[in-house]
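1. The sequence isn't on hand, but the structure is:
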């Protein structure tokens with residue numbers, strides 16, 4: 001089932017879809033869903049903390065921001081889905097009533113009446129439904145597992161993390177593997193410091209980009225383990241903005257040898273910046289935006305995740321930021337936010353992370369999403 005055929009009259013399908021859209025199972029959350037004309041196509045899916053939406057002073061402001069994002073997404077209707085521990089109709093969830101009031105008040109003008117569904121730890125229900133339509137505790141959660149959209153998402157390879165934190169968790173490599181990569185990284189950093197001529201620096205940058213190509217080639221073969229040499233050189237290389245930007249360009253299809261040319265004397269700094277801008281336009285510009293190629297993007301993510309897993313835990317902002325960019329490009333804002341939070345823990349002033357964070361925080365979708373809206 002494609003999103004374009006998902007009908008609002010099938011609430012189970014919508015509720016089954018949301019965790020796949022977010023990448024994790026929400027808890028204590030409010031999720032606003034954009035429904036686009038003419039057939040209720042599911043569009044933007046935005047999650048916020050339920051307590052924040054219920055807050056007396058800031059809740060109405062947050063509700064208006066959510067509604068504004070849905071409106072810009074082209075919605076003509078919307079649905080609010082709440083994730084709570086128990087059935088709120090029993091009075092056990094005091095945040096539900098103010099959260100719903102704030103959202104419905106903000107959505108009344110553009111969208112009219114907003115249906116509200118609730119998913120608890122044990123069941124699901126329509127908030128305004130009385131027994132026997134939705135019994136106390138809701139209908140069994142098992143019904144959400146037996147849906148067409150759920151089956152299709154699983155067959156398409158979609159996986160749902162158990163919690164929001166799991167979305168961006170990258171398991172650390174073993175101590176021996178990390179020590180081997182650290183030795184290479186230190187040597188590569190020392191070689192960068194010793195590159196006193198333009199030619200030597202150019203060779204160092206070019207070899208760092210080649211390390212990225214090698215890491216990607218090895219990540220694309222599940223039978224091959226990425227060597228410490230490629231990971232150590234890549235980790236050290238990503239600290240250099242020119243190398244990092246060259247890797248960013250390499251994430252975009254159709255850029256060919258531009259990453260290598262952008263770090264050599266064949267291109268001036270201005271030309272390299274123009275090449276980066278052209279590549280980024282394919283990600284962010286709705287008139288040019290292209291979908292991320294699923295196979296290649298997963299391989300790129302795997303290579304960057306291995307850099308994080310094997311590298312210095314306190315200084316992974318370049319790799320984490322590039323991973324956040326890929327997540328945002330795929331439309332996975334939740335993962336992008338968590339990866340950016342980790343990048344800011346390493347360097348609160350990291351400029352590229354702030355640029356991506358601004359887009360995520362403002363609910364700006366990647367170019368291909370806006371082009372298809």
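-> Structure received. The structure presented is a predicted model; accordingly, all values stated were derived computationally and were not measured. Numbering: from 1, shown residues only.

2. remind me which residues of this structure are low pLDDT?
-> 1-9, 131-132, 146-167, 222-226, 266-269, 271-272, 372-373 (pLDDT under 70).

3. That one - how does it break down into domains?
-> 3-157, 175-372 (automatic domain parsing).

4. Rebuild those as CSV, extending it with distance to residue 168 and mean neighbour count.
-> Yep, even glycine has a C-beta here, placed from its N, CA and C like the rest. Below are those laid out as CSV (distance: least, C-beta to C-beta, whole Å; neighbours: other C-beta atoms under 10 Å):
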stretch, distance to residue 168, mean neighbour count
domain 3-157, 9, 18
domain 175-372, 4, 18
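
5. Can you add distance to residue 169 and give those domains back as CSV?
-> What follows is those, written out as CSV (distance: least, C-beta to C-beta, whole Å):
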stretch, distance to residue 169
domain 3-157, 11
domain 175-372, 9
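
6. Just the strands from the stretch 51-200 of the chain, written as ranges.
-> For the stretch 51-200 of the chain, strands defined by DSSP state E, counting those that start in this stretch occupy the ranges 77-83, 116-119, 123-126, 139-140.

7. looking at these, which is closest to residue 281?
-> strand 77-83 (30.5 Å; C-beta to C-beta).

8. quick check, residue 30 in a helix?
-> No - counting by DSSP: H, G, I helix; E, B strand; the rest coil, residue 30 falls outside a helix, being strand.

9. Bridge partners for it, pull those for me.
-> residue 48, residue 82 (DSSP bridges).

10. give me every residue that touches it.
-> 47, 48, 49, 50, 53, 80, 81, 82, 83, 99, 103 (C-beta atoms under 8 Å, 6 or more residues apart in numbering).

11. still on that earlier bit, select, out of the strands of the stretch 51-200 of the chain, the one closest to residue 364.
-> Of the strands of the stretch 51-200 of the chain, nearest to residue 364 by C-beta to C-beta is strand 77-83, at 18.5 Å.

12. Spell out the residue ranges of the helices in the stretch 101-250 of the chain.
-> Under the criterion DSSP state H, counting those that start in this stretch, the stretch 101-250 of the chain carries helices at the ranges 142-145, 148-155, 175-194, 198-219, 228-237, 241-250.

13. next one: the last one to chain centre, how far?
-> A distance of 20 Å separates the centroid of the chain from that of helix 241-250, by C-alpha atoms, centre = their mean, to the nearest Å.

14. Kindly report the same for the fourth one.
-> Using C-alpha atoms, centre = their mean, the mean C-alpha position of helix 198-219 is found 27 Å from that of the whole chain.

15. hang on, the earlier thing: and the strands of the stretch 51-200 of the chain as a markdown table, adding distance to residue 252?
-> Formatted as a markdown table, the strands of the stretch 51-200 of the chain follow (distance: least, C-beta to C-beta, whole Å):
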| stretch | distance to residue 252 |
| --- | --- |
| strand 77-83 | 33 |
| strand 116-119 | 37 |
| strand 123-126 | 40 |
| strand 139-140 | 45 |
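
16. if we compare the ones you listed, which one ends up closest to residue 177?
-> That would be, of those and by C-beta to C-beta, strand 77-83, which comes in at 38.0 Å.
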